[in-house]
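Colleague: Prediction below, plus the sequence it came from.
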Amino acid sequence: MHLTVVFKHILEQIGLIASDSIIKYGIVSRIQIMKKKSVLMVVSKYPATYGHTTVINNLCLGLDKIGYDTAIGAFSFDSDPPNNIRKIKLSKLRLLTSGINYLNFDIIHTHQALINYYLLSVKPKKHVIQHYHAASNRLQEINAKIMMKLYKKRISKIICVSHKALNHFKELVGECDAIVIYNGVDTEFYNPNLPTPYKRGSPQLLFVSVLRKYKKTGILIDAMPELLKKYPNAHLQIVGIGEDYENMKNKIKKMNLDNNVEMLGKISDEELRLHYSSCDLYISASTHEHCPVPPFEAMGCGKPLVLSELEGHNEILNLSKAGLTFSFNDKTDICKKIEEVYEKKGYFGVNALSCAKKYDWSNICKQVANVYEQLT
């Protein structure tokens, strides 16, 4: 093998790129070398909540594919990151005394506000990205306001997961250097060609979330008796655990809906994608969302959506044209919208799949990489 070809091969293997135009006549006369940045995704504890973890994992994997050196940093780990993504155990004491400057990464990409008190206690000499997912309660809102008051000038860029999130963040902290990059979906993993082993009824409804009070899972259960009048075989599956889990189990038993509503608890991603593929539509009655991940995963499987009328949900449906929202002011509206979307599930399903492909994580990661490359 020619010496020049060998040399170029070595450069490529170690992540350096040499242009063919500058390697000629067996002599490297000039070498332009580019190495992409290293990035540490940070949360207090890993895994974090469902949506945060999904975003962090997919960003690490997607950015790694396009040449970034990615890792996940946390004070503690209950499990390992996926696919050999490195884990970096952070020290609170060292961060408070040295800040992030001791970490051997070009960019620190943080996904929670609370951890910034450690990351930014010492003025950073490297770039910090704040990824704003949501503040789901008043305490988190207050914390975001205090954190930005103290450390706003130490953050290079803020990524918000929707325009709803951006507007909310600005309401809390004022004007800031922020952009919108939506959450996404792995359309190879979540796809319309999967088997349907968990099909239990028609229509088959699915809800996926940590079961917190504001998710209003009870509204979905309350709608079932009315829905069963129109569709005697209707079936609802609820995936997730949380503070409301036992309450929902008791509610189902009290309403004698054990044959029509399933509480599935926590399941693996492999099982989850088969529940998406087995459903007819995805449904949520949540009262607080910025850019939830499950609707994107459902759309990856070509499933239409019926979502509560929120700014965050409206934003997803405006992007996708994949379903309809229902009003909390009319108790019968949820059943009306389920019926309308179910009867037109072919139309809404095509739109859902088209949207999912547009927001595949590979495309989202390119947008994030563009933010990184604009940092000086």
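Modeller: That came in fine, so what should we check first?
Colleague: from here on, contacts and neighbour counts on C-alpha atoms
Modeller: OK.
Colleague: Specify the residue ranges that define each domain of the protein.
Modeller: 1-35, 38-184+361-374, 204-358 (automatic domain parsing).
Colleague: if we compare those, which one ends up closest to Pro192?
Modeller: Closest approach to Pro192 among these (Cα to Cα): domain 204-358, 4.2 Å.
Colleague: Need the CA coordinates for the strand or helix carrying Cys365. PDB is fine.
Modeller: In the assignment (DSSP states H and E), Cys365 maps to helix 361-374. Only the C-alpha atoms of helix 361-374 are listed here, as PDB (Å, rounded to 0.1, in the frame of the first residue of the first chain):
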ATOM      1  CA  TRP A 361     -32.600  12.000  16.200                       C
ATOM      2  CA  SER A 362     -30.000  12.100  13.400                       C
ATOM      3  CA  ASN A 363     -31.500  15.400  12.200                       C
ATOM      4  CA  ILE A 364     -31.800  16.800  15.800                       C
ATOM      5  CA  CYS A 365     -28.200  15.900  16.500                       C
ATOM      6  CA  LYS A 366     -27.100  17.900  13.400                       C
ATOM      7  CA  GLN A 367     -28.900  20.900  14.800                       C
ATOM      8  CA  VAL A 368     -27.200  20.500  18.200                       C
ATOM      9  CA  ALA A 369     -23.800  20.000  16.400                       C
ATOM     10  CA  ASN A 370     -24.400  23.300  14.600                       C
ATOM     11  CA  VAL A 371     -24.800  25.100  17.900                       C
ATOM     12  CA  TYR A 372     -21.500  23.600  19.100                       C
ATOM     13  CA  GLU A 373     -19.700  24.600  16.000                       C
ATOM     14  CA  GLN A 374     -20.800  28.200  16.300                       C
END
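Colleague: Packing partners of it?
Modeller: In this structure, helix 361-374 packs against helix 50-65, with contacts taken as 3 or more Cα pairs under 8 Å, 6 or more residues apart in numbering; DSSP states H and E.
Colleague: What residues sit buried inside the helix it packs on?
Modeller: Across helix 50-65, burial judged by 16 or more other Cα atoms under 10 Å covers 51-64.
Colleague: What average pLDDT does the following helix or strand past it get?
Modeller: Following helix 50-65 in sequence order, the next helix or strand is strand 69-74 (DSSP H and E). For strand 69-74, the mean pLDDT works out to 97.
Colleague: and what of stretch 342-357?
Modeller: Rounded mean pLDDT across stretch 342-357 is 98.
Colleague: Kindly report the same for stretch 200-208.
Modeller: For stretch 200-208, the mean confidence score works out to 98.
Colleague: Show me what that stretch is in contact with.
Modeller: Stretch 200-208 has contacts (Cα atoms under 8 Å, 6 or more residues apart in numbering) with 231, 233-240, 275-276, 278-284, 294, 342.
Colleague: Pick the one among the buried residues of helix 50-65 closest to Glu270.
Modeller: Thr54 (13.6 Å).
Colleague: mind checking how far that closest one is from Pro294?
Modeller: Remark: distance between Thr54 and Pro294 (Cα to Cα, to the nearest Å) = 10 Å.
Colleague: okay, stretch 282-302 in PDB with CA atoms only?
Modeller: Extracted as PDB, the C-alpha positions of stretch 282-302 are listed here (Å, rounded to 0.1, in the frame of the first residue of the first chain):
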ATOM      1  CA  TYR A 282     -51.600   7.600  21.400                       C
ATOM      2  CA  ILE A 283     -53.500   9.700  24.000                       C
ATOM      3  CA  SER A 284     -52.500  12.100  26.800                       C
ATOM      4  CA  ALA A 285     -54.600  14.300  29.200                       C
ATOM      5  CA  SER A 286     -51.600  16.000  30.800                       C
ATOM      6  CA  THR A 287     -52.000  19.600  32.000                       C
ATOM      7  CA  HIS A 288     -48.300  20.500  31.700                       C
ATOM      8  CA  GLU A 289     -46.000  19.700  28.800                       C
ATOM      9  CA  HIS A 290     -43.300  21.500  26.800                       C
ATOM     10  CA  CYS A 291     -42.200  18.800  24.300                       C
ATOM     11  CA  PRO A 292     -43.000  15.200  25.600                       C
ATOM     12  CA  VAL A 293     -41.000  12.400  23.900                       C
ATOM     13  CA  PRO A 294     -43.800   9.700  23.800                       C
ATOM     14  CA  PRO A 295     -45.900  11.400  21.100                       C
ATOM     15  CA  PHE A 296     -42.800  11.400  18.800                       C
ATOM     16  CA  GLU A 297     -42.100   7.700  19.500                       C
ATOM     17  CA  ALA A 298     -45.800   6.900  18.700                       C
ATOM     18  CA  MET A 299     -45.500   8.900  15.500                       C
ATOM     19  CA  GLY A 300     -42.400   6.900  14.600                       C
ATOM     20  CA  CYS A 301     -44.600   3.800  14.600                       C
ATOM     21  CA  GLY A 302     -47.100   5.700  12.400                       C
END
